[in-house]
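**Q** Predicted model and sequence below, questions to follow.
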There are 2 protein chains.
Amino acid sequence: MTSTAATAITAETETAAQRARRERILAATLALAARGGYEAVQMREVAERSEVALGTLYRYFPSKVHLLVSAMASEVERLSARLQKRQAPGETRAERAAFVLERSTRSLQREPLLTEAMIRAMMAADATVATEVASVREGMADLIVQAMRGGGPEQEHDVDLAAILQDVWFARQIAWLGGRIEAADVWRDIHLAITLVLRD
Amino acid sequence: MTSTAATAITAETETAAQRARRERILAATLALAARGGYEAVQMREVAERSEVALGTLYRYFPSKVHLLVSAMASEVERLSARLQKRQAPGETRAERAAFVLERSTRSLQREPLLTEAMIRAMMAADATVATEVASVREGMADLIVQAMRGGGPEQEHDVDLAAILQDVWFARQIAWLGGRIEAADVWRDIHLAITLVLRD
DNA sequence: TGGCATACTAGAACACGTTCCTGTTTCTGG
DNA sequence: CCAGAAACAGGAACGTGTTCTAGTATGCCA
(Lines give C-alpha, C1' and ligand atoms only; values in the text may rest on other atoms or scores of the structure.)
Protein backbone atom coordinates (compact mmCIF):
# COMPACT_ATOMS: atom_id res chain seq x y z
CA MET A 1 0.00 0.00 0.00
CA THR A 2 2.74 2.43 -0.89
CA SER A 3 1.81 5.96 -1.88
CA THR A 4 3.59 6.00 -5.22
CA ALA A 5 2.51 9.33 -6.62
CA ALA A 6 3.83 8.46 -10.10
CA THR A 7 5.29 11.92 -10.37
CA ALA A 8 6.11 12.70 -13.95
CA ILE A 9 9.64 13.88 -14.41
CA THR A 10 9.55 17.60 -15.03
CA ALA A 11 12.32 19.50 -16.71
CA GLU A 12 12.90 21.70 -13.68
CA THR A 13 13.94 19.18 -11.06
CA GLU A 14 15.94 16.98 -13.39
CA THR A 15 19.30 15.73 -12.21
CA ALA A 16 22.19 15.51 -14.64
CA ALA A 17 21.74 11.76 -15.01
CA GLN A 18 18.10 12.30 -15.84
CA ARG A 19 18.81 14.93 -18.44
CA ALA A 20 21.32 12.54 -19.96
CA ARG A 21 18.75 9.74 -20.05
CA ARG A 22 16.19 11.99 -21.68
CA GLU A 23 18.65 13.00 -24.35
CA ARG A 24 19.80 9.46 -25.01
CA ILE A 25 16.16 8.51 -25.48
CA LEU A 26 15.46 11.35 -27.90
CA ALA A 27 18.63 10.62 -29.82
CA ALA A 28 17.75 6.95 -30.16
CA THR A 29 14.26 7.93 -31.27
CA LEU A 30 15.51 10.27 -33.98
CA ALA A 31 18.01 7.69 -35.19
CA LEU A 32 15.47 4.91 -35.44
CA ALA A 33 12.88 7.17 -37.05
CA ALA A 34 15.35 8.49 -39.60
CA ARG A 35 16.21 4.95 -40.58
CA GLY A 36 12.82 3.27 -40.68
CA GLY A 37 10.05 5.77 -40.03
CA TYR A 38 7.20 5.51 -37.60
CA GLU A 39 6.99 1.75 -37.36
CA ALA A 40 10.72 1.39 -36.81
CA VAL A 41 10.46 3.38 -33.62
CA GLN A 42 9.65 0.47 -31.37
CA MET A 43 9.53 1.18 -27.69
CA ARG A 44 11.57 -1.87 -26.71
CA GLU A 45 14.21 -0.91 -29.24
CA VAL A 46 14.31 2.71 -28.12
CA ALA A 47 14.71 1.56 -24.51
CA GLU A 48 17.48 -0.84 -25.39
CA ARG A 49 19.43 1.68 -27.47
CA SER A 50 19.19 4.39 -24.86
CA GLU A 51 20.21 1.87 -22.17
CA VAL A 52 17.10 2.45 -20.16
CA ALA A 53 14.48 0.02 -18.94
CA LEU A 54 11.18 -0.05 -20.79
CA GLY A 55 9.38 1.14 -17.68
CA THR A 56 11.76 4.08 -17.39
CA LEU A 57 11.18 5.05 -20.99
CA TYR A 58 7.46 5.18 -20.22
CA ARG A 59 8.14 7.29 -17.17
CA TYR A 60 9.84 9.91 -19.32
CA PHE A 61 7.46 9.68 -22.27
CA PRO A 62 4.09 8.15 -21.45
CA SER A 63 3.44 6.91 -24.98
CA LYS A 64 5.05 6.45 -28.36
CA VAL A 65 3.17 9.49 -29.60
CA HIS A 66 4.42 11.64 -26.72
CA LEU A 67 7.90 10.46 -27.52
CA LEU A 68 7.75 11.31 -31.20
CA VAL A 69 5.98 14.62 -30.76
CA SER A 70 8.58 15.61 -28.18
CA ALA A 71 11.27 14.66 -30.65
CA MET A 72 9.59 16.86 -33.23
CA ALA A 73 9.40 19.74 -30.79
CA SER A 74 13.12 19.55 -30.25
CA GLU A 75 13.72 19.43 -33.99
CA VAL A 76 11.50 22.44 -34.62
CA GLU A 77 13.39 24.31 -31.96
CA ARG A 78 16.65 23.49 -33.67
CA LEU A 79 15.29 24.62 -37.04
CA SER A 80 13.82 27.74 -35.53
CA ALA A 81 17.08 28.71 -33.88
CA ARG A 82 18.86 28.28 -37.18
CA LEU A 83 16.35 30.26 -39.23
CA GLN A 84 15.80 33.12 -36.84
CA LYS A 85 19.41 34.11 -36.81
CA ARG A 86 18.69 36.49 -39.63
CA GLN A 87 15.59 38.06 -41.04
CA ALA A 88 13.96 36.21 -43.93
CA PRO A 89 14.67 37.96 -47.25
CA GLY A 90 11.90 39.15 -49.54
CA GLU A 91 9.93 42.30 -50.33
CA THR A 92 6.45 41.10 -49.43
CA ARG A 93 4.95 39.10 -46.58
CA ALA A 94 4.25 36.30 -49.03
CA GLU A 95 7.85 36.17 -50.19
CA ARG A 96 9.24 36.10 -46.68
CA ALA A 97 6.75 33.47 -45.50
CA ALA A 98 7.58 31.43 -48.59
CA PHE A 99 11.24 31.63 -47.69
CA VAL A 100 10.96 30.10 -44.26
CA LEU A 101 8.34 27.56 -45.27
CA GLU A 102 10.40 26.40 -48.19
CA ARG A 103 13.45 26.01 -45.98
CA SER A 104 11.38 24.09 -43.45
CA THR A 105 9.87 21.87 -46.09
CA ARG A 106 13.22 21.13 -47.70
CA SER A 107 14.74 20.48 -44.33
CA LEU A 108 12.07 17.89 -43.60
CA GLN A 109 12.27 16.27 -47.01
CA ARG A 110 15.93 15.62 -46.48
CA GLU A 111 14.93 12.96 -43.95
CA PRO A 112 11.65 11.65 -45.31
CA LEU A 113 11.35 8.74 -42.91
CA LEU A 114 11.99 10.91 -39.89
CA THR A 115 9.39 13.33 -41.16
CA GLU A 116 6.91 10.55 -41.70
CA ALA A 117 7.38 9.40 -38.12
CA MET A 118 6.99 12.85 -36.61
CA ILE A 119 4.05 14.01 -38.72
CA ARG A 120 2.25 10.73 -38.18
CA ALA A 121 2.68 11.17 -34.44
CA MET A 122 1.36 14.73 -34.62
CA MET A 123 -1.72 13.41 -36.34
CA ALA A 124 -2.22 10.61 -33.89
CA ALA A 125 -1.98 12.98 -30.94
CA ASP A 126 -5.01 13.11 -28.71
CA ALA A 127 -5.76 15.48 -25.85
CA THR A 128 -3.19 13.88 -23.55
CA VAL A 129 -0.43 15.13 -25.85
CA ALA A 130 -1.79 18.67 -26.08
CA THR A 131 1.19 20.24 -24.32
CA GLU A 132 3.78 18.70 -26.60
CA VAL A 133 1.75 19.40 -29.72
CA ALA A 134 1.29 23.00 -28.64
CA SER A 135 5.00 23.50 -28.35
CA VAL A 136 5.54 22.21 -31.88
CA ARG A 137 2.83 24.49 -33.24
CA GLU A 138 4.08 27.49 -31.35
CA GLY A 139 7.54 26.99 -32.75
CA MET A 140 6.20 26.80 -36.29
CA ALA A 141 3.83 29.73 -35.80
CA ASP A 142 6.61 31.93 -34.46
CA LEU A 143 8.72 31.11 -37.45
CA ILE A 144 5.98 32.11 -39.88
CA VAL A 145 4.79 35.21 -38.08
CA GLN A 146 8.32 36.53 -37.65
CA ALA A 147 8.97 36.03 -41.34
CA MET A 148 5.71 37.67 -42.38
CA ARG A 149 6.37 40.75 -40.29
CA GLY A 150 9.91 40.98 -41.59
CA GLY A 151 10.86 43.39 -38.87
CA GLY A 152 7.93 45.60 -39.74
CA PRO A 153 4.81 46.27 -37.69
CA GLU A 154 2.32 43.54 -36.93
CA GLN A 155 -0.84 43.42 -38.98
CA GLU A 156 -4.37 42.56 -38.06
CA HIS A 157 -4.59 38.90 -38.98
CA ASP A 158 -0.94 37.88 -38.84
CA VAL A 159 -1.47 35.13 -36.34
CA ASP A 160 -4.62 33.75 -37.94
CA LEU A 161 -3.08 33.72 -41.38
CA ALA A 162 0.00 32.00 -40.03
CA ALA A 163 -2.23 29.38 -38.44
CA ILE A 164 -3.94 28.76 -41.78
CA LEU A 165 -0.62 28.39 -43.53
CA GLN A 166 0.54 26.00 -40.87
CA ASP A 167 -2.62 23.94 -41.29
CA VAL A 168 -2.06 23.77 -45.02
CA TRP A 169 1.58 22.94 -44.45
CA PHE A 170 0.70 20.01 -42.21
CA ALA A 171 -2.13 18.89 -44.45
CA ARG A 172 0.15 18.76 -47.46
CA GLN A 173 2.69 16.70 -45.56
CA ILE A 174 -0.11 14.30 -44.70
CA ALA A 175 -1.25 14.20 -48.29
CA TRP A 176 2.27 13.22 -49.21
CA LEU A 177 2.41 10.53 -46.53
CA GLY A 178 -0.97 9.31 -47.70
CA GLY A 179 0.38 8.82 -51.18
CA ARG A 180 -1.99 11.40 -52.63
CA ILE A 181 0.71 13.76 -53.86
CA GLU A 182 4.40 13.51 -54.70
CA ALA A 183 7.16 14.94 -52.54
CA ALA A 184 7.84 17.57 -55.17
CA ASP A 185 4.20 18.66 -55.13
CA VAL A 186 4.27 19.36 -51.42
CA TRP A 187 6.15 22.57 -51.80
CA ARG A 188 4.31 23.60 -54.94
CA ASP A 189 0.95 23.29 -53.17
CA ILE A 190 2.15 25.13 -50.11
CA HIS A 191 3.58 27.90 -52.22
CA LEU A 192 0.32 28.25 -54.10
CA ALA A 193 -1.53 28.49 -50.81
CA ILE A 194 0.82 31.23 -49.65
CA THR A 195 0.21 33.34 -52.72
CA LEU A 196 -3.53 32.81 -52.47
CA VAL A 197 -3.74 33.54 -48.78
CA LEU A 198 -1.20 36.33 -48.40
CA ARG A 199 -2.21 38.88 -50.98
CA ASP A 200 -0.57 41.94 -49.52
CA MET B 1 0.09 -25.69 -52.47
CA THR B 2 -3.15 -24.06 -53.50
CA SER B 3 -3.12 -21.04 -55.76
CA THR B 4 -5.23 -18.79 -53.59
CA ALA B 5 -5.17 -15.53 -55.51
CA ALA B 6 -6.60 -13.60 -52.55
CA THR B 7 -8.77 -11.60 -54.91
CA ALA B 8 -10.08 -8.51 -53.20
CA ILE B 9 -13.81 -8.21 -53.37
CA THR B 10 -14.69 -5.46 -55.79
CA ALA B 11 -18.00 -3.66 -55.80
CA GLU B 12 -18.79 -4.74 -59.35
CA THR B 13 -18.90 -8.50 -59.00
CA GLU B 14 -20.55 -8.52 -55.60
CA THR B 15 -23.37 -10.92 -54.98
CA ALA B 16 -26.37 -9.89 -52.92
CA ALA B 17 -25.08 -11.76 -49.87
CA GLN B 18 -21.78 -9.98 -50.19
CA ARG B 19 -23.36 -6.57 -50.43
CA ALA B 20 -25.36 -7.44 -47.34
CA ARG B 21 -22.21 -8.46 -45.47
CA ARG B 22 -20.45 -5.27 -46.46
CA GLU B 23 -23.35 -3.20 -45.23
CA ARG B 24 -23.66 -5.11 -41.98
CA ILE B 25 -19.96 -4.47 -41.42
CA LEU B 26 -20.22 -0.76 -42.13
CA ALA B 27 -23.31 -0.46 -39.95
CA ALA B 28 -21.60 -2.21 -37.06
CA THR B 29 -18.59 0.04 -37.53
CA LEU B 30 -20.65 3.22 -37.43
CA ALA B 31 -22.57 2.01 -34.40
CA LEU B 32 -19.44 1.13 -32.43
CA ALA B 33 -17.67 4.33 -33.47
CA ALA B 34 -20.64 6.49 -32.53
CA ARG B 35 -20.70 4.91 -29.11
CA GLY B 36 -17.04 4.77 -28.21
CA GLY B 37 -14.91 6.43 -30.87
CA TYR B 38 -11.84 5.09 -32.58
CA GLU B 39 -10.70 2.70 -29.90
CA ALA B 40 -14.13 1.18 -29.49
CA VAL B 41 -14.05 -0.01 -33.08
CA GLN B 42 -12.32 -3.29 -32.39
CA MET B 43 -11.99 -5.65 -35.27
CA ARG B 44 -13.12 -8.70 -33.29
CA GLU B 45 -16.16 -6.82 -32.10
CA VAL B 46 -17.03 -5.53 -35.56
CA ALA B 47 -16.74 -9.07 -36.91
CA GLU B 48 -18.93 -10.49 -34.19
CA ARG B 49 -21.64 -7.83 -34.54
CA SER B 50 -21.82 -8.15 -38.29
CA GLU B 51 -21.91 -11.94 -37.98
CA VAL B 52 -18.86 -12.39 -40.07
CA ALA B 53 -15.61 -14.19 -39.34
CA LEU B 54 -12.60 -12.05 -38.52
CA GLY B 55 -10.84 -13.29 -41.63
CA THR B 56 -13.83 -12.31 -43.73
CA LEU B 57 -13.87 -8.83 -42.26
CA TYR B 58 -10.24 -8.48 -43.32
CA ARG B 59 -11.10 -9.70 -46.78
CA TYR B 60 -13.60 -6.87 -47.18
CA PHE B 61 -11.55 -4.20 -45.43
CA PRO B 62 -7.85 -4.96 -45.23
CA SER B 63 -7.28 -2.86 -42.12
CA LYS B 64 -9.07 -0.92 -39.43
CA VAL B 65 -8.10 2.29 -41.19
CA HIS B 66 -9.55 1.10 -44.51
CA LEU B 67 -12.71 0.19 -42.67
CA LEU B 68 -13.15 3.56 -40.99
CA VAL B 69 -12.20 5.62 -44.01
CA SER B 70 -14.68 3.63 -46.08
CA ALA B 71 -17.30 4.32 -43.45
CA MET B 72 -16.49 8.02 -43.69
CA ALA B 73 -16.74 7.93 -47.47
CA SER B 74 -20.22 6.53 -47.20
CA GLU B 75 -21.18 9.18 -44.66
CA VAL B 76 -19.82 11.98 -46.81
CA GLU B 77 -21.81 10.62 -49.72
CA ARG B 78 -24.95 10.66 -47.60
CA LEU B 79 -24.28 14.22 -46.49
CA SER B 80 -23.45 15.31 -50.00
CA ALA B 81 -26.64 13.85 -51.38
CA ARG B 82 -28.63 15.70 -48.77
CA LEU B 83 -26.91 19.05 -49.27
CA GLN B 84 -26.78 19.08 -53.03
CA LYS B 85 -30.52 18.80 -53.40
CA ARG B 86 -30.70 22.55 -53.50
CA GLN B 87 -28.25 25.32 -54.14
CA ALA B 88 -26.53 26.77 -51.10
CA PRO B 89 -27.99 30.19 -50.20
CA GLY B 90 -25.86 33.33 -50.00
CA GLU B 91 -24.82 36.26 -52.11
CA THR B 92 -21.08 35.70 -52.17
CA ARG B 93 -18.84 32.69 -52.65
CA ALA B 94 -17.77 33.03 -49.04
CA GLU B 95 -21.32 32.96 -47.78
CA ARG B 96 -22.26 29.92 -49.81
CA ALA B 97 -19.10 28.04 -48.84
CA ALA B 98 -19.75 28.96 -45.23
CA PHE B 99 -23.23 27.54 -45.52
CA VAL B 100 -22.20 24.05 -46.59
CA LEU B 101 -19.18 23.92 -44.32
CA GLU B 102 -21.20 24.95 -41.32
CA ARG B 103 -23.79 22.31 -42.08
CA SER B 104 -21.07 19.72 -42.48
CA THR B 105 -19.37 20.76 -39.28
CA ARG B 106 -22.60 20.75 -37.30
CA SER B 107 -23.53 17.41 -38.75
CA LEU B 108 -20.24 15.94 -37.57
CA GLN B 109 -20.43 17.51 -34.15
CA ARG B 110 -23.73 15.85 -33.55
CA GLU B 111 -21.82 12.57 -33.24
CA PRO B 112 -18.47 13.60 -31.79
CA LEU B 113 -17.20 10.10 -31.13
CA LEU B 114 -18.05 8.95 -34.62
CA THR B 115 -16.27 11.99 -35.99
CA GLU B 116 -13.25 11.30 -33.83
CA ALA B 117 -13.04 7.78 -35.18
CA MET B 118 -13.36 8.80 -38.82
CA ILE B 119 -11.01 11.78 -38.71
CA ARG B 120 -8.44 9.81 -36.81
CA ALA B 121 -8.55 7.12 -39.47
CA MET B 122 -8.17 9.72 -42.22
CA MET B 123 -5.06 10.99 -40.50
CA ALA B 124 -3.63 7.53 -39.99
CA ALA B 125 -4.13 6.65 -43.64
CA ASP B 126 -1.00 5.70 -45.52
CA ALA B 127 -0.54 5.11 -49.22
CA THR B 128 -2.41 1.80 -49.17
CA VAL B 129 -5.62 3.67 -48.32
CA ALA B 130 -5.17 6.30 -51.00
CA THR B 131 -8.24 5.21 -52.97
CA GLU B 132 -10.61 5.42 -50.03
CA VAL B 133 -9.15 8.71 -48.82
CA ALA B 134 -9.46 10.16 -52.30
CA SER B 135 -13.13 9.36 -52.41
CA VAL B 136 -13.73 11.17 -49.13
CA ARG B 137 -11.81 14.22 -50.31
CA GLU B 138 -13.55 14.28 -53.66
CA GLY B 139 -16.89 14.22 -51.95
CA MET B 140 -15.96 17.13 -49.72
CA ALA B 141 -14.32 19.07 -52.54
CA ASP B 142 -17.38 18.72 -54.75
CA LEU B 143 -19.54 20.02 -51.98
CA ILE B 144 -17.41 23.12 -51.48
CA VAL B 145 -16.81 23.90 -55.14
CA GLN B 146 -20.48 23.53 -55.99
CA ALA B 147 -21.40 25.89 -53.19
CA MET B 148 -18.75 28.44 -54.15
CA ARG B 149 -19.91 28.56 -57.75
CA GLY B 150 -23.49 28.82 -56.67
CA GLY B 151 -24.73 28.02 -60.14
CA GLY B 152 -22.48 30.68 -61.58
CA PRO B 153 -19.43 30.26 -63.80
CA GLU B 154 -16.29 28.63 -62.50
CA GLN B 155 -13.45 30.89 -61.47
CA GLU B 156 -9.75 30.49 -61.81
CA HIS B 157 -8.75 29.06 -58.47
CA ASP B 158 -12.01 27.45 -57.35
CA VAL B 159 -10.55 24.04 -56.93
CA ASP B 160 -7.36 25.17 -55.22
CA LEU B 161 -9.23 27.39 -52.81
CA ALA B 162 -11.64 24.59 -52.02
CA ALA B 163 -8.66 22.36 -51.29
CA ILE B 164 -7.24 24.91 -48.89
CA LEU B 165 -10.56 25.23 -47.10
CA GLN B 166 -10.79 21.49 -46.86
CA ASP B 167 -7.30 21.32 -45.39
CA VAL B 168 -8.22 23.92 -42.81
CA TRP B 169 -11.47 22.13 -42.13
CA PHE B 170 -9.67 18.87 -41.41
CA ALA B 171 -6.94 20.59 -39.45
CA ARG B 172 -9.46 22.28 -37.17
CA GLN B 173 -11.19 18.97 -36.53
CA ILE B 174 -7.82 17.54 -35.56
CA ALA B 175 -7.09 20.50 -33.33
CA TRP B 176 -10.35 19.78 -31.59
CA LEU B 177 -9.57 16.07 -31.26
CA GLY B 178 -6.15 17.02 -29.98
CA GLY B 179 -7.73 19.07 -27.23
CA ARG B 180 -6.19 22.28 -28.52
CA ILE B 181 -9.49 24.00 -29.21
CA GLU B 182 -13.09 23.62 -28.06
CA ALA B 183 -15.84 22.18 -30.21
CA ALA B 184 -17.41 25.61 -30.47
CA ASP B 185 -14.17 27.09 -31.75
CA VAL B 186 -13.97 24.65 -34.63
CA TRP B 187 -16.61 26.42 -36.62
CA ARG B 188 -15.44 29.89 -35.61
CA ASP B 189 -11.93 29.16 -36.90
CA ILE B 190 -13.19 27.63 -40.12
CA HIS B 191 -15.47 30.55 -40.71
CA LEU B 192 -12.62 32.97 -40.15
CA ALA B 193 -10.52 31.05 -42.64
CA ILE B 194 -13.31 31.24 -45.20
CA THR B 195 -13.57 35.01 -44.92
CA LEU B 196 -9.81 35.39 -45.10
CA VAL B 197 -9.38 33.06 -48.03
CA LEU B 198 -12.46 33.85 -50.10
CA ARG B 199 -12.39 37.59 -50.48
CA ASP B 200 -14.57 37.94 -53.55
C1' DT C 1 24.42 7.39 9.59
C1' DG C 2 19.87 5.02 9.02
C1' DG C 3 15.47 5.01 7.08
C1' DC C 4 12.40 5.93 3.49
C1' DA C 5 10.47 7.64 -0.67
C1' DT C 6 11.45 7.75 -5.40
C1' DA C 7 13.64 6.19 -9.52
C1' DC C 8 15.49 2.48 -12.04
C1' DT C 9 16.18 -2.51 -14.03
C1' DA C 10 14.55 -6.71 -15.83
C1' DG C 11 11.19 -9.06 -17.57
C1' DA C 12 6.49 -11.10 -17.47
C1' DA C 13 1.84 -10.16 -18.76
C1' DC C 14 -1.91 -8.05 -21.27
C1' DA C 15 -4.62 -5.88 -25.30
C1' DC C 16 -5.73 -5.40 -29.81
C1' DG C 17 -4.51 -5.22 -34.80
C1' DT C 18 -3.21 -8.53 -37.97
C1' DT C 19 -2.00 -13.04 -39.99
C1' DC C 20 -2.50 -17.83 -40.59
C1' DC C 21 -4.49 -22.44 -40.48
C1' DT C 22 -8.10 -25.96 -40.95
C1' DG C 23 -12.35 -27.35 -42.25
C1' DT C 24 -16.90 -26.05 -44.46
C1' DT C 25 -20.01 -23.67 -47.55
C1' DT C 26 -21.07 -21.35 -51.82
C1' DC C 27 -20.32 -20.25 -56.42
C1' DT C 28 -19.07 -21.29 -61.31
C1' DG C 29 -17.74 -23.70 -65.60
C1' DG C 30 -18.34 -27.94 -68.08
C1' DC D 1 -25.16 -32.64 -61.55
C1' DC D 2 -19.96 -32.62 -60.57
C1' DA D 3 -15.33 -30.94 -59.65
C1' DG D 4 -12.55 -27.42 -58.55
C1' DA D 5 -12.04 -22.70 -57.00
C1' DA D 6 -13.19 -19.08 -54.23
C1' DA D 7 -15.29 -17.37 -50.07
C1' DC D 8 -16.41 -18.11 -45.36
C1' DA D 9 -16.38 -19.69 -40.20
C1' DG D 10 -13.96 -20.47 -36.20
C1' DG D 11 -10.21 -19.79 -33.76
C1' DA D 12 -5.13 -20.09 -32.73
C1' DA D 13 -1.00 -17.46 -33.09
C1' DC D 14 2.02 -13.45 -33.60
C1' DG D 15 3.83 -8.49 -33.02
C1' DT D 16 4.09 -4.36 -30.77
C1' DG D 17 2.29 -0.71 -27.59
C1' DT D 18 1.32 -0.57 -22.86
C1' DT D 19 0.96 -2.05 -18.01
C1' DC D 20 2.36 -4.47 -14.02
C1' DT D 21 5.44 -6.86 -10.56
C1' DA D 22 9.53 -7.71 -7.82
C1' DG D 23 13.75 -6.55 -6.67
C1' DT D 24 17.71 -3.02 -6.63
C1' DA D 25 19.87 1.52 -6.61
C1' DT D 26 19.85 6.41 -5.53
C1' DG D 27 18.99 10.63 -3.38
C1' DC D 28 17.09 13.14 0.71
C1' DC D 29 16.01 14.21 5.42
C1' DA D 30 16.33 13.61 10.54
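**A** Now that the structure is in, tell me what you want to look at. If you're wondering where the values come from, they're calculated on a predicted model, not measured in any experiment.
**Q** quick one, what contacts the closest residue to residue A:146 other than its chain neighbours?
**A** Closest residue in space to residue A:146, ignoring its immediate chain neighbours: residue A:84 at 6.4 Å, by Cβ to Cβ, 6 or more residues apart in numbering or on different chains. C-beta here means a position set from N, CA and C on the backbone, and glycine is covered the same way. Residues near residue A:84 by Cβ atoms under 8 Å, 6 or more residues apart in numbering or on different chains: A:142, A:143, A:146.
**Q** Filter these down to the buried ones, PyMOL style.
**A** Per 16 or more other Cβ atoms under 10 Å in any protein chain shown, the buried members of these correspond to this PyMOL selection:
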select buried, chain A and resi 143+146
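**Q** from the contacts of residue A:84, which is closest to residue A:103?
**A** For the contacts of residue A:84, the residue nearest residue A:103 by Cβ to Cβ is residue A:143; the value is 9.2 Å.
**Q** Quick one: mean pLDDT over the helix or strand where residue A:67 lies.
**A** Here residue A:67 sits within helix A:64-83, counting by DSSP states H and E. Taken as a whole, helix A:64-83 has a mean pLDDT of 94.
**Q** Please point out which parts of it sit buried.
**A** Neighbour counts over helix A:64-83 (16+ other Cβ under 10 Å) mark A:64-76, A:79-80, A:83 as buried.
**Q** Chain neighbours aside, what residue packs nearest to the spatially most central residue of chain A?
**A** The geometric centre of chain A, computed from its C-alpha atoms, lies nearest to residue A:72 (Cα atoms, centre = their mean), at 3.6 Å. Distance criterion Cβ to Cβ, 6+ apart; nearest residue to residue A:72, sequence neighbours excluded, is residue A:118 at 4.0 Å.
**Q** Could you pull up the residues touching residue A:139?
**A** A:73, A:76, A:77, A:79, A:80.
**Q** One more pass at 10 Å, please.
**A** Contact partners of residue A:139, counting by Cβ atoms under 10 Å, 6 or more residues apart in numbering or on different chains, are A:72, A:73, A:74, A:75, A:76, A:77, A:78, A:79, A:80, A:81.
**Q** ok, now residue A:178?
**A** B:69, B:122-130, B:133-134, B:137.
**Q** what are the ranges of the helices in chain A?
**A** Counting by DSSP state H, chain A has helices at residues A:16-40, A:43-49, A:54-60, A:64-83, A:93-109, A:112-124, A:130-149, A:158-177, A:183-197.
**Q** Would the fourth one count as contacting DNA strand D?
**A** Pointing back at helix A:64-83 there. Yes. Helix A:64-83 reaches DNA strand D (Cβ under 7 Å from any atom of the strand) through A:64, A:65.
**Q** these two touch, right, the residue nearest to the centre of chain A and residue A:117?
**A** Yes. Contact criterion Cβ atoms under 10 Å: residue A:72 and residue A:117 qualify, at 8.6 Å.
**Q** Touching both of those two, which residues are there?
**A** The contact sets of residue A:72 and residue A:117 overlap at A:29, A:30, A:33 (Cβ under 10 Å, 6+ apart).
**Q** Which one of those residues is nearest to chain B?
**A** For those, the minimum distance to chain B (Cβ to the nearest Cβ) is 15.4 Å, reached by residue A:33.
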